[in-house]
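Visitor: Curious how this folds, go ahead:
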Amino acid sequence: MIVNLDGRFIPADEAGLPLNDGAVLFGDTLFETIKVHNGKALLADAHLDRLVLSAALLDFPCDRDAVRAALLQTSARCPRPTARLRLTLSRGICTGLQTPPAQNARVIITATRYREPDEAQRTAGAVCVFAPNRRVNPLCHLPQMKRGNYADCLYAARHAATKGAREALFLDADGCVLEGATSNLFIIENKSLVTPEAGELVLAGIMRRQVLQTATNLGLRIEERPISKQALLQADEAFLTNALIGILPIDRVGNTPLKRGPLALKLLHSLDKSNVL
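Guide: Okay, the predicted model is just below:
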């Protein structure tokens, strides 16, 4: 593992945070997970844009230029061809519930080798289940963010693993499908590309945005609206997206096989040609 702590590269076994750091006490962090290919952080500025926006909404210290410099330095050292880079911001050492001064803030970057889904895995598609818990946003007046308090997603992801599935899909109180524990959701219905609208319970994913832009360029009709459980199970095709997997078709949900079609892989190939994968 590569570790860059506050702009310094250190051995992984020497890395650590104080026990009174807000990241340890409260999970009070912001983070981004970024794919690095041959030493290049893909869609780095889009990730940084989201991080800076989240930091502004939460009054979180974030020096974009310093963070970007550390990100690029770390990317250049990443394992090749592909690595998973995690960029985390912490407010630093806390005294009770008071907000620490900005100079306490920490920038933590780690990177490990990553193996992308291969052609066989994309052809086979992902097995999904419905999460047993609800998607939670403790800051319900603000948009969904990548925050360190990730308990709802971890619980759902572990449930999926016990069922032999790759992803757990969250349902809202009305029985509509929101997103996966670590992914956004798209379906094809009546020749339209449909995805839930980003907001309080759906993350505005970086790859989600790229897929929407690519679909627009291909002339596809796009609808951002709720997806019922029935609509998902009867869709012409469905797929997951995130910054690491790109696009991954869904093969079945629970014991229900889904229809498969060509559009997910067509979008994937278009993204690849745009050098965002």
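
Visitor: residues making contact with stretch 31-42?
Guide: Surrounding stretch 31-42, the residues in contact under the criterion C-beta atoms under 8 Å, 6 or more residues apart in numbering are 43-44, 47-48, 50-51, 71-72, 75-78, 80-89, 111, 114, 146-148, 242-244, 276-277. Every residue, glycine included, has its C-beta placed from N, CA and C.

Visitor: and those, which are buried?
Guide: 43-44, 47-48, 50-51, 71, 75, 78, 82-85, 87-89, 111, 114, 146-148, 242-244, 276-277 (16 or more other C-beta atoms under 10 Å).

Visitor: which ones among those residues are found in helices?
Guide: Using DSSP state H, 44, 47-48, 50-51, 71, 75 are the members of the buried ones among the contacts of stretch 31-42 that sit in helices.

Visitor: Tell me, how many residues neighbour residue 234?
Guide: Neighbours of residue 234 under the rule other C-beta atoms under 10 Å: 14.

Visitor: Return the residues in contact with it.
Guide: Contacts of residue 234 (C-beta under 8 Å, 6+ apart): none.

Visitor: Which parts of the chain are helices?
Guide: 22-26, 44-57, 64-76, 119-124, 151-162, 206-217, 229-233, 263-273.

Visitor: Among the ones you listed, which comes closest to residue 135?
Guide: Ranking the helices of the chain by proximity to residue 135 (C-beta to C-beta) places helix 151-162 first, at 6.1 Å.

Visitor: Go through the closest one and flag the buried ones.
Guide: Per 16+ other C-beta under 10 Å, helix 151-162 contains these buried residues: 152-153, 156-157, 159-160.

Visitor: same check, this time on stretch 89-100
Guide: 89-94, 100.

Visitor: try stretch 102-118
Guide: Quick answer for stretch 102-118 (16+ other C-beta under 10 Å): 104-111, 114, 116-117.

Visitor: Quickly check the residues you listed for the two that are furthest apart.
Guide: 104 and 117 (39.4 Å).

Visitor: list the contacts for residue 105?
Guide: 60-62, 89-92.

Visitor: measure residue 147 to residue 165 for me?
Guide: As judged by C-beta to C-beta, to the nearest Å, residue 147 and residue 165 stand 25 Å apart.

Visitor: Ignore what I typed, I meant residue 97.
Guide: As judged by C-beta to C-beta, residue 97 and residue 165 stand 38 Å apart.

Visitor: what's stretch 10-30 in contact with?
Guide: Against stretch 10-30 from outside (C-beta under 8 Å, 6+ apart): 1-5, 51, 54-55, 58, 60, 62, 88-95, 100, 106, 108, 110, 145-150.

Visitor: tell me which residues of it are tucked away?
Guide: Using 16+ other C-beta under 10 Å as the test for burial, stretch 10-30 gives 17, 21-24, 28-30.

Visitor: before we move on, what about stretch 136-146?
Guide: Quick answer for stretch 136-146 (16+ other C-beta under 10 Å): 137, 143-146.

Visitor: first vs last residue of that stretch, how far apart are they?
Guide: One end of stretch 136-146 to the other measures 12 Å (C-alpha to C-alpha, to the nearest Å).

Visitor: Contacts for that stretch, please.
Guide: 30-33, 50-51, 54, 57-58, 147, 149, 151-152, 198-204.

Visitor: low-scoring stretches of the stretch 151-277 of the chain, by residue?
Guide: By pLDDT under 70, the stretch 151-277 of the chain has no low-scoring segment.

Visitor: hmm, 90 instead?
Guide: 272-277 (pLDDT under 90).

Visitor: so who does the nearest residue to residue 186 once chain neighbours are set aside touch?
Guide: Using C-beta to C-beta, 6 or more residues apart in numbering and skipping the chain neighbours, the partner closest in space to residue 186 is residue 195 (4.7 Å). The neighbours of residue 195, taking C-beta under 8 Å, 6+ apart as the test, are 184-187, 208, 212, 222-224, 227.

Visitor: which of those lies closest to residue 172?
Guide: residue 227 (10.2 Å).

Visitor: Nearest spatial neighbour of that closest one, chain-adjacent residues omitted?
Guide: Excluding its sequence neighbours, the residue lying closest to residue 227 (C-beta to C-beta, 6+ apart) is residue 177, at 4.9 Å.
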